[in-house]
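Novice: any chance you can model this:
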Amino acid sequence: MTEVYTLYSENGDEYKLQFTTERSNLIADDILDYLDQAGIEVVEIGLGRVKGESVTGHRMLGQIEACIADLLQKHPNVVLSYFCDFINLVPSTKKNLTVQEYRSRLFSAMFKRYISLNDLDDICDHEVRIEGVAETFYFHVIYRKEHEVYAEMIADGQHRDFDKPEE
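Specialist: Numbers count the residues shown, from 1 in each chain. Model prediction:
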């Protein structure tokens, strides 16, 4: 499955939001195979600004939140994953944060706000902080509480595969 949404802000900024089940090597094949056998579909979220440089406003975040929630509603056995990349800079007023940390905080705040406003108590956002060799990375797993064991498997796999080795 691949679904792509093009979203436009009030300022004319353009965003691409993509959901895909295609494997991207962010989650190990052994974990994905196990989850597939358990009937759990892992959907990777891709989000990027295509055009514009404005700070992302609340209305745009609301559109993104609604798309993510809609996917969760349509697919009861889905676990979502989101890697906070550092490829495209994000306009930020927080100069003391890395791009990845800023994206992670923004993503968490956005999702927690949506969960609270819509009384979705069974949806969780697990932030995985990966201490890489050169820098810290952030990865999110969004899941229903009933799928917590699967979310933990994904998080543990992220640490196993991407944390810098202990000396």
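
Novice: so where's this protein shaky on pLDDT?
Specialist: 85-95 (pLDDT under 70).

Novice: longest strand anywhere in it?
Specialist: Among the elements of the chain assigned as strand by DSSP state E, the one spanning the most residues is strand 41-51.

Novice: show me what that strand is packed against.
Specialist: In this structure, strand 41-51 makes packing contacts with strand 14-20, helix 29-37, helix 58-74, strand 78-84, judged by 3 or more C-beta pairs under 8 Å, 6 or more residues apart in numbering; DSSP states H and E. (Each C-beta comes from the backbone N, C-alpha and C, glycine too.)

Novice: a markdown table for these, including distance to residue 149?
Specialist: Shown next, in a markdown table, are these (distance: least, C-beta to C-beta, whole Å):
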| stretch | distance to residue 149 |
| --- | --- |
| strand 14-20 | 23 |
| helix 29-37 | 10 |
| helix 58-74 | 18 |
| strand 78-84 | 11 |
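
Novice: which of the ones you listed sits most buried?
Specialist: strand 78-84 (a mean of 22; mean count of other C-beta atoms under 10 Å).

Novice: OK, contacts around the residue positioned nearest the centre of the chain?
Specialist: The centroid of the chain falls nearest to residue 82 when counting by C-alpha atoms, centre = their mean (2.3 Å). Neighbouring residues of residue 82 by C-beta atoms under 8 Å, 6 or more residues apart in numbering: 44, 45, 47, 107, 139, 140, 142.

Novice: show the contacting residues for residue 113.
Specialist: 61, 65 are the contacts of residue 113 under C-beta under 8 Å, 6+ apart.

Novice: the helices and strands packed on strand 41-51: which one's closest to residue 114?
Specialist: Nearest to residue 114 among the helices and strands packed on strand 41-51 is helix 58-74 (3.8 Å), distances taken as C-beta to C-beta.

Novice: quick one: contacts of that closest one?
Specialist: 3, 5, 7, 9-10, 13, 15, 17, 19, 43, 45, 47, 78, 80, 106, 110-111, 113-114, 118, 120, 123, 142, 144.

Novice: tell me what angle the top helix by length along the chain forms with strand 78-84.
Specialist: With secondary structure taken from DSSP state H, the chain has its longest helix at helix 99-117. Relative orientation of helix 99-117 versus strand 78-84 (axes from the mean of the first three to the mean of the last three C-alpha atoms, to 10 degrees): 140 degrees.

Novice: buried sites along helix 99-117?
Specialist: Neighbour-count burial for helix 99-117, counted by 16 or more other C-beta atoms under 10 Å, picks out 99-108, 110-111, 114-115.
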